[in-house]
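J.: coordinates for the following, if possible.
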Amino acid sequence: MAELPTGTVTLLFTDIEGSTRLLQRVGDDYAGLLSQHRSLLEEAFVAHGGVVVDKEGDAFFVAFASAKDAVAAAGEAQRALVSHDWLDENEVRVRMGLHTGEPRVVEARYVGLDVHHAARVMAVGHGGQVLLSETTRALLDADIRLRDLGEHRLKDLSRPQRLYQLEVDGLPSEFPPLQTLDNHPTNLPVQTSAFIGREQELEATGALLERDDVRLLTLIGPGGTGKTRLALQLAANVVERFGNGVFFVSLAPIRDWELVVPTVSRTLGLREQAGETPLETLVQQMRKAVAMPRPRLARLSLAGVRVAQRFSWHDSAARLIAVIDGLGDRVPVRIQTQRANRARDAKRLEIAQRLFRSEPE
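T.: So this is what the prediction gives:
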């Protein structure tokens with residue numbers, strides 16, 4: 001290994017997004033993909049003066065004496081990954097994070113908070129994304145295009161950190177929200193009216209949603225009885241609990257079954273994965289909530305209930321609120337929940353009826 005740069009050093013960390021899923025999908029071919037990924041990255045890093053400190057598993061740790069060289073290397077590495085002809089289109093997507101500081105060298109290794117800082121910057125990104133800390137940005141020329149992503153709280157760092165995204169011509173620039181501690185992504189519409197007179201129903205539905213064995217909460221009744229308004233208020237009340245996001249998915253105008261999954265996926269900011277159907281990608285994303293644990297919450301209408309029933313409720317901490325119209329003017333709104341019965345590994349329904357006063361949706 002070449003001698004590690006000292007003084008002001010820019011540290012770069014990388015790892016493969018969804019490496020476990022990729023391994024499960026390609027099996028024995030994973031070793032070849034991993035080797036190709038390593039060759040592409042190392043070539044780009046070394047070409048710009050980078051010193052590979054460590055490359056273990058699917059990750060790289062590289063040091064640069066120049067912040068400008070580090071950013072150029074990251075951009076070139078991402079271009080190499082995108083242009084590479086991957087086996088069976090199993091594209092390898094890599095997230096990268098850069099931070100500049102003055103780490104100490106002890107026994108040919110870097111030690112200090114700056115190392116952890118750089119790793120935390122990388123960890124909140126997405127495959128194909130290059131993130132930079134404020135100290136790295138301050139050392140760059142004005143001709144390098146960056147997007148200011150604002151301040152974010154990173155794990156193990158006491159203060160919020162301002163992060164930037166490198167913009168590279170010809171590469172993706174739109175990514176889901178950063179996976180930071182204080183980021184609660186949501187697209188819930190702002191309500192222009194106060195929510196009055198429904199406290200009892202809101203408390204009842206909120207209690208059902210809090211239960212670990214409830215996966216699907218359905219509000220059923222005629223149009224104009226306030227189901228959507230109740231669902232939106234309930235969703236807004238639990239934004240803090242569902243760290244991966246709370247999303248409103250409007251499926252009312254959709255009549256074609258094949259458009260349901262793409263609509264939900266676009267709303268959640270999901271990207272297509274090689275070797276997976278859109279539904280499989282969506283289900284996998286919902287299951288991620290278990291390991292985090294930071295579940296997602298989505299609001300669906302009638303067409304989406306069939307999608308909801310495809311999820312493995314036993315493996316997911318996600319929650320869905322479905323709103324269904326068209327039961328006739330005299331039928332009261334019903335609150336229906338679908339629960340996972342772990343004892344019998346089956347599903348059962350618990351139905352409670354609630355009467356709502358009429359209110360425009």
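J.: partner residues bridging residue 319?
T.: residue 297 (DSSP bridges).
J.: in the helix or strand containing residue 203, what's buried?
T.: Using DSSP states H and E, residue 203 sits in helix 199-210. Under the neighbour-count criterion of 16 or more other Cβ atoms under 10 Å, helix 199-210 has 201, 205, 208-209 buried. For every residue, glycine as well, the C-beta is placed using N, CA and C.
J.: what of stretch 49-64?
T.: Using 16+ other Cβ under 10 Å as the test for burial, stretch 49-64 gives 49-53, 58, 60-64.
J.: what mean pLDDT does it have?
T.: The pLDDT scores in stretch 49-64 average 95.
J.: likewise stretch 323-341?
T.: Rounded mean pLDDT across stretch 323-341 is 51.
J.: check stretch 168-183 too.
T.: For stretch 168-183, the per-residue pLDDT averages 86.
J.: what comes up buried for that stretch?
T.: 168, 171, 175-180, 183.
J.: distance from the chain centre to that stretch, please.
T.: Relative to its chain's centre, stretch 168-183 lies at 10 Å (Cα atoms, centre = their mean, to the nearest Å).
J.: what do you get for stretch 205-222?
T.: For stretch 205-222, the distance to the chain centre is 24 Å (Cα atoms, centre = their mean).
J.: residue ranges in the stretch 201-350 of the chain under the pLDDT threshold?
T.: Within the stretch 201-350 of the chain, the segments meeting pLDDT under 70 span 240, 243, 287-317, 324-350.
J.: all helices for it, in order.
T.: 227-237, 260-268, 278-291, 302-308 (DSSP state H, counting those that start in this stretch).
J.: next one: the stretch 51-200 of the chain
T.: Listed in chain order (using DSSP H, counting those that start in this stretch), the helices of the stretch 51-200 of the chain are 67-83, 113-123, 134-137, 199-210.
J.: which elements pack onto the shortest one?
T.: By that I understand helix 134-137. Where contact means 3 or more Cβ pairs under 8 Å, 6 or more residues apart in numbering; DSSP states H and E, helix 134-137 is packed against helix 67-83, strand 94-101, strand 161-166.
J.: report the buried residues of it.
T.: 135-137.
J.: now render these as JSON lines, adding distance to residue 75 and pLDDT.
T.: As requested, those are arranged in JSON lines below (distance: Cβ to Cβ, whole Å; pLDDT from 0 to 100):
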{"residue": "135", "distance to residue 75": "19", "pLDDT": "98"}
{"residue": "136", "distance to residue 75": "13", "pLDDT": "98"}
{"residue": "137", "distance to residue 75": "14", "pLDDT": "98"}
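J.: ok, of those residues, which one's closest to residue 16?
T.: Distance to residue 16 across those (Cβ to Cβ) is lowest for residue 136, with 22.1 Å.
J.: so who does the closest one touch?
T.: Residue 136 sits next to 10, 67, 70-71, 98-100, 164 when contact means Cβ atoms under 8 Å, 6 or more residues apart in numbering.
J.: count the residues that sit near the nearest residue to it once chain neighbours are set aside.
T.: Among residues not flanking residue 136 along the chain, residue 100 sits closest, at 4.4 Å (Cβ to Cβ, 6 or more residues apart in numbering). Neighbourhood size, residue 100 [other Cβ atoms under 10 Å]: 25.
J.: same check on residue 128?
T.: Count around residue 128 with other Cβ under 10 Å applied: 20.
J.: I'd say it and residue 175 touch.
T.: Yes. At 7.2 Å, residue 128 counts as touching residue 175 under the criterion of Cβ atoms under 8 Å.
J.: my guess is residue 53 meets residue 45, correct?
T.: No. Using Cβ under 8 Å, residue 53 makes no contact with residue 45, being 10.5 Å away.
J.: got any residues that touch both of these two?
T.: Common neighbours of residue 53 and residue 45 (Cβ under 8 Å, 6+ apart) are residue 62.
J.: coming back round to it: would you turn the contacts of residue 136 into a markdown table with pLDDT and distance to residue 143?
T.: As requested, the contacts of residue 136 are exported to a markdown table (pLDDT from 0 to 100; distance: Cβ to Cβ, whole Å):
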| residue | pLDDT | distance to residue 143 |
| --- | --- | --- |
| 10 | 98 | 18 |
| 67 | 98 | 14 |
| 70 | 98 | 16 |
| 71 | 98 | 11 |
| 98 | 98 | 17 |
| 99 | 98 | 21 |
| 100 | 98 | 18 |
| 164 | 98 | 15 |
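J.: which one of the buried residues of helix 199-210 is nearest to residue 281?
T.: Distances from residue 281 to the buried residues of helix 199-210, taken by Cβ to Cβ, are shortest for residue 209, at 24.9 Å.
J.: nothing else from me, thank you.
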